[in-house]
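Participant: below is the sequence, then the predicted model.
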Amino acid sequence: MIDATDWCERATAKYKRGDYQGAIADFTKAIKLKPDFADAYNNRGTAKGALGDYQGAIADLTKAIELKPDFAMAYGNRGGTKYTLKDYQGAIADFNMAIKLKPDNAVAYSNRGLAKSPLEDYQGAIADLTKAIELKPDFAEAYFNRGIAKAHLKDYQGAVADFTKAINLKPDDAEAYYNRGIEYAMLGQKDKARADFMRAIELNYSVPQEALDLCK
């Protein structure tokens, strides 16, 4: 007989294959057999989020947290969903809990930094992203997002350094080339800006004409 754990394992395999509807169906079967299965609620919420059912995702992730109050991953996942819904304060509150429960959680620091940027707390964002990088030195996304925050503060040299690090870690990151090109243009280094824009275009990034005009 298939038990709740078996259904959860089947669902996880479907999720990894991108069969989110199938995963949700199997997680639901696991929950029916074991109503206090916090992991199944967390995973079903993640699958719902992948399908754009963000309210359904939040409901499942909230249930997971109710069942398992120290569930750092569920707080992180709910924070990510709230960020997608532009509830940045709510996202930060959830990332705070994820970090409190798991202080070495580089992803939670990175995501909290990302949530601070739309609130124009760029210094706070930089602090969180720096902590994420300390915990995970090869965290290309954290370097990229810290570069964005530095650009908002007009620290163009600092932004260039971070985008360069992101590119070194992820050489096909077209968006990093594009953003570094913008910062080079702000610094008056038009040849370098042009080279980065051309590389971004080679990587199928749509560089707007206004950016290319900065190189003239």
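Facilitator: Nice, I can see it. Numbers count the residues shown, from 1 in each chain.
Participant: find the nearest non-adjacent residue to the one residue sitting closest to the centre of the chain, please.
Facilitator: Taking CA atoms, centre = their mean, the centroid of the chain lies closest to residue 111, which sits 5.7 Å from it. The shortest distance from residue 111 to any non-neighbouring residue, by CB to CB, 6 or more residues apart in numbering, is to residue 95 (5.5 Å). For the C-beta atoms, the positions are set from N, CA and C on the backbone; glycine is no exception.
Participant: gap between that neighbour and residue 109?
Facilitator: 8 Å (CB to CB, to the nearest Å).
Participant: so between these two, which is more surrounded?
Facilitator: residue 95 (29 against 26; other CB atoms under 10 Å).
Participant: just the element for the more buried one, please.
Facilitator: helix 88-101 (DSSP states H and E).
Participant: what angle do the helix or strand following that helix and helix 88-101 make?
Facilitator: Sequence-wise, the next helix or strand downstream of helix 88-101 (DSSP H and E) is helix 106-116. On the basis of axes from the mean of the first three to the mean of the last three CA atoms, to 10 degrees, helix 106-116 is oriented at 160 degrees to helix 88-101.
Participant: pLDDT score for residue 216?
Facilitator: On pLDDT, residue 216 comes in at 84.
Participant: who touches it in this structure?
Facilitator: residue 190 (CB atoms under 8 Å, 6 or more residues apart in numbering).
Participant: give the residue farthest from the middle of the protein.
Facilitator: residue 1 (38.5 Å).
Participant: please report the distance of it from residue 33.
Facilitator: 10 Å.
Participant: got it, and residue 158?
Facilitator: 53 Å.
Participant: repeat for residue 62
Facilitator: 21 Å.
Participant: the two: who's more crowded?
Facilitator: Neighbour count, other CB under 10 Å: between residue 62 and residue 33, residue 33 has more, with 17 against 14.
Participant: how much space between the more buried one and residue 63?
Facilitator: Residue 33 is 16 Å from residue 63, by CB to CB.
Participant: same deal with residue 27?
Facilitator: From residue 27 to residue 63 the distance is 12 Å (CB to CB).
Participant: common neighbours of those two, please.
Facilitator: In contact with both residue 27 and residue 63: residue 41, using CB under 8 Å, 6+ apart.
Participant: among those two, which residue is more densely surrounded?
Facilitator: Neighbours per residue (other CB under 10 Å) separate residue 27 from residue 63, with residue 27 holding more: 30 against 21.
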